[in-house]
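**Student:** from the sequence below, what's the structure:
(2 chains)
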There are 2 protein chains.
Amino acid sequence: MKMFSGQNLWQEAKNIIPGGNQLLSKQPEMFLPDQWPAYYEKAKGCQIWDLDGKSYLDFSHMSVGTCILGYADDDVNTAVIESIKKGSISTLNSWEEIAFAKELLGCHSWADQVRFSRTGGEACCIAIRIARAASGKEKVVFCGYHGWHDWYLSSNIGDEKQLDKQLLPGIDPKGVPEGLGNTTYPFQFGDINAVEKILHCHHEDVAAIIMEPVRETIDIQFLKEVKLLSQKYNVILIFDEITSGFRLNYGGAHKNFNVEPDMAIFGKAIGNGHPISAVIGKRKIMEAAQETFISSTYWTERVGFSAGLATLKKMKSIEAQKMVVNHGKAIRKGLNEAAVRAGVKMKIMGIDPLLHVSFDYADGDVVQTFFTQEMMEMGFLTGSAIYPTSVYSDQQIKSFLMASEAAFSDIAKAIQQNTVLKRLKGPVKHAGLRRLTAAKVT
Amino acid sequence: MKMFSGQNLWQEAKNIIPGGNQLLSKQPEMFLPDQWPAYYEKAKGCQIWDLDGKSYLDFSHMSVGTCILGYADDDVNTAVIESIKKGSISTLNSWEEIAFAKELLGCHSWADQVRFSRTGGEACCIAIRIARAASGKEKVVFCGYHGWHDWYLSSNIGDEKQLDKQLLPGIDPKGVPEGLGNTTYPFQFGDINAVEKILHCHHEDVAAIIMEPVRETIDIQFLKEVKLLSQKYNVILIFDEITSGFRLNYGGAHKNFNVEPDMAIFGKAIGNGHPISAVIGKRKIMEAAQETFISSTYWTERVGFSAGLATLKKMKSIEAQKMVVNHGKAIRKGLNEAAVRAGVKMKIMGIDPLLHVSFDYADGDVVQTFFTQEMMEMGFLTGSAIYPTSVYSDQQIKSFLMASEAAFSDIAKAIQQNTVLKRLKGPVKHAGLRRLTAAKVT
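**Tutor:** Just a heads-up that it's a prediction; the model follows:
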């Protein structure tokens, strides 16, 4: 089999970068080990060109959901390039920072103040620091995934399986100080009794509840009850909207549910591919940022703010959220119908703009890998997550669904003949963190 | 007095952003309260245009030392804009990441692997996590400033003055969990006995020593002794080169001193104004990154890597380090001579490319503020730090020194007449964190 240039480079990368890159979700092993193109030369709209000049349509996570408007959006790029030509940084501050702050606060009437950073992990860390400083308490009640920082990974101290029930199984708290043990309490989305029990017992020590307002399922009643409990026990409620924000509506997903948090965190989509993240919140809480120390040089860089401003402006003007929701609906419906027709046990979880695909077999990952392999040969990048972009055309979605139909038909035959594994041209995809970190370069 | 547009915007900023911006060192109060232009419209070379179209030459910290090549460098911008046009991000990885990794490792022969992030604070946090994971120990011996994260601020738990002797006095550890108390041991640069004593007593618990290889003074003997102690006690030695890196030579300052650490951290100047930071280290240590979880979406963005690559390439080709060292020498010499001629007690500390100016009077901050005010009226932005850029022309340096000469003459007169404070058109600059955070918006 001819090796892609990207795979050669990836092997080289793993020798000089532990893990090969900076993000688990972009490691080729998460999609199609030894076969995934791994690197890109150019990306525009939903199209990606690899290092060998071969092009694909991205029906996977569109860079983990960073590009609602599609890759290299002309309007965002125009604003960003203008900012760069006029100096991406200086000893003085960027006025775009204030314009972007106003826009972000403007669509969240409950919030008074904002702090900016560059990555989602940083923003979560800032929110937790501010909540702890404002409350004078330090325990955190959480649900779901919130990044790589000590405050979060400490959940696994003493019990490495604590985070297994959250998004990423098998996170080792290695390198996180023992003294952070017992500073967090995890709960499952929807389990209001667990939240009540934790707060009843520990509210005097609890600074904040942090959770995504939506991930796999919508549960407005649960959100309302969490909100009531946060008020009853005087605990700061933080919605992590890094993934869900600006996907269901122009703002946090919580606006769809009429449940307002005390703080919210944004990242990913608000920069459409340019690093920027934000924490917004009520004044009396946010002002605590001044009683601690939260400061970083590159948080002042201009591009993040001008990208954010241009991204929000365009998302609003074209109603991008309606588009990604509709595209998600169409993809869900089409995939489901095609799977039924082929007799393939495929499941789609998640809200329309954040679809999670799985195959309901004992060796589901093998089937998933085969699906990705087949789709790639037909010119589509896809995996277990499909995060639609507004730029998908009806024709592109139709092509993707037709290709999926063909792949499902192949999958059905291979399952019947028990040849799925045999037909893989490389290893099976990795499912989670544990297996991936075990695959060290030697 | 006519209010600058920038000052109006700054007042607005303080209402919606706690602290007004994202970095202490760019708050107008650190230079010239109520008078500093605060915001820029355009920056090119060492010239900055404010919101009122007035332009200045930047003889202050050039965005805290991020822009060795000057603002909006044509070659860096060309590479960055090309990357943006070809898609700043995608589901696939950026090949520039590997090219940049190779260049960074290529000029540090002792290092085998690299991890990237976007800000200096993040990079320090990654280095500490890796060192703790690799050593299986968790205490950190440190000297100097290393960012806003919990691991560092925890030094002040139980003793708020612990960090006073480091760079920023008065850091409140509010919002940092108590369980992190006693995880760090501070020492003063040059005090080898302190380091020996800490390691002698605690080496079994110490993961790493983290320090800047140079800040105010060069002390090669001290660095060599620290290195020997780190080997004797089997403790990981980390050099924080975020500020010092690529300023004395093409690489970390430690290359000038022939002392190799086990890990080094870079940020600021390696992106010439585009967010990128890096941790490099020996393989056996860096591989521990795979036994913990360190991952973030925007760390994969393309611009950081292509900016880094273009910046390093240009710095090497024009020998930018020689230029900033020579400019620093010329500024130091010229300022010192002018101060002596005027009879002003001015002191310059720091290495040539990182000059720190102070006035040796009981009310030194008042004199400093007056100097900044006078210089601004003559078209120069300056403050207590002067971090030269390679783009200064001899003529620009000469103009700056002539203006300083005039300012010193005014200062000398005002001191003699005891009218310095009276001649200030606004409040005195803030000296440190304590005073600044006390000045909250009400």
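**Student:** show me what contacts residue A:252?
**Tutor:** Residue A:252 is in contact with A:108, A:213, A:239, A:241, A:244-246, A:261, A:264, A:266, counting by CB atoms under 8 Å, 6 or more residues apart in numbering or on different chains. In short, each C-beta sits where N, CA and C put it, glycine included.
**Student:** please redo it, this time with the cut-off set to 10 Å
**Tutor:** A:104, A:107-108, A:110-111, A:213-214, A:239-241, A:244-246, A:259-261, A:264-266, A:280 (CB atoms under 10 Å, 6 or more residues apart in numbering or on different chains).
**Student:** can you check residue A:274 too?
**Tutor:** Residues counted as contacts of residue A:274 (CB under 10 Å, 6+ apart) are A:66, A:76-77, A:79-80, A:83, A:118, A:301, A:303-308, A:310-311, B:84, B:88-89, B:275, B:298, B:301-303.
**Student:** and residue A:390, how many neighbours?
**Tutor:** 24 (other CB atoms under 10 Å in any protein chain shown).
**Student:** could you measure from it over to residue A:115?
**Tutor:** 28 Å (CB to CB, to the nearest Å).
**Student:** ok, and which of the contacts of residue A:252 reach chain B?
**Tutor:** Near chain B, judged by CB under 10 Å from any CB of the partner chain, the entries from those are A:104, A:111, A:280.
**Student:** got the phi and psi for the last one?
**Tutor:** The one in question is residue A:280. phi -110, psi 160 (degrees, to the nearest 10).
**Student:** ok, for it, nearest residue in space, not its chain neighbours?
**Tutor:** residue A:111 (4.0 Å; CB to CB, 6 or more residues apart in numbering or on different chains).
**Student:** quick one, what contacts that neighbour?
**Tutor:** A:104-105, A:252, A:260-264, A:279-283, A:285-286, B:16.
**Student:** now swap in residue A:424 and tell me
**Tutor:** Residue A:424 neighbours (CB under 10 Å, 6+ apart): A:32-35, A:366, A:369-370, A:372-373, A:414.
**Student:** next up, phi/psi of it, please.
**Tutor:** phi -70, psi 140.
**Student:** what ranges do the strands span in the stretch 151-300 of chain A?
**Tutor:** Along the stretch 151-300 of chain A, counting by DSSP state E, counting those that start in this stretch, strands occupy A:184-186, A:206-211, A:236-240, A:263-266, A:277-281.
**Student:** make a markdown table out of these and add mean pLDDT and mean neighbour count.
**Tutor:** Output for the strands of the stretch 151-300 of chain A, formatted as a markdown table (pLDDT from 0 to 100; neighbours: other CB atoms under 10 Å in any protein chain shown):
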| stretch | mean pLDDT | mean neighbour count |
| --- | --- | --- |
| strand A:184-186 | 95 | 21 |
| strand A:206-211 | 98 | 25 |
| strand A:236-240 | 98 | 28 |
| strand A:263-266 | 98 | 29 |
| strand A:277-281 | 98 | 29 |
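**Student:** make TSV from those and add distance to residue B:358 to it.
**Tutor:** Shown next, in TSV, are these (distance: least, CB to CB, whole Å):
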stretch	distance to residue B:358
strand A:184-186	45
strand A:206-211	40
strand A:236-240	41
strand A:263-266	40
strand A:277-281	35
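**Student:** shouldn't residue A:56 be within a strand?
**Tutor:** Yes - assessed by DSSP: H, G, I helix; E, B strand; the rest coil, residue A:56 belongs to a strand.
**Student:** check what pLDDT it gets.
**Tutor:** Looking at residue A:56, its pLDDT stands at 98.
**Student:** tell me where the model's unsure across the stretch 1-150 of chain A.
**Tutor:** Counting by pLDDT under 70, the ranges of the stretch 1-150 of chain A that qualify are A:1-3.
**Student:** one more pass at 50, please.
**Tutor:** Where the stretch 1-150 of chain A drops to pLDDT under 50, the residues are A:1.
**Student:** strands of that one, start to end?
**Tutor:** A:39-44, A:47-50, A:55-58, A:93-94, A:113-117, A:139-142.
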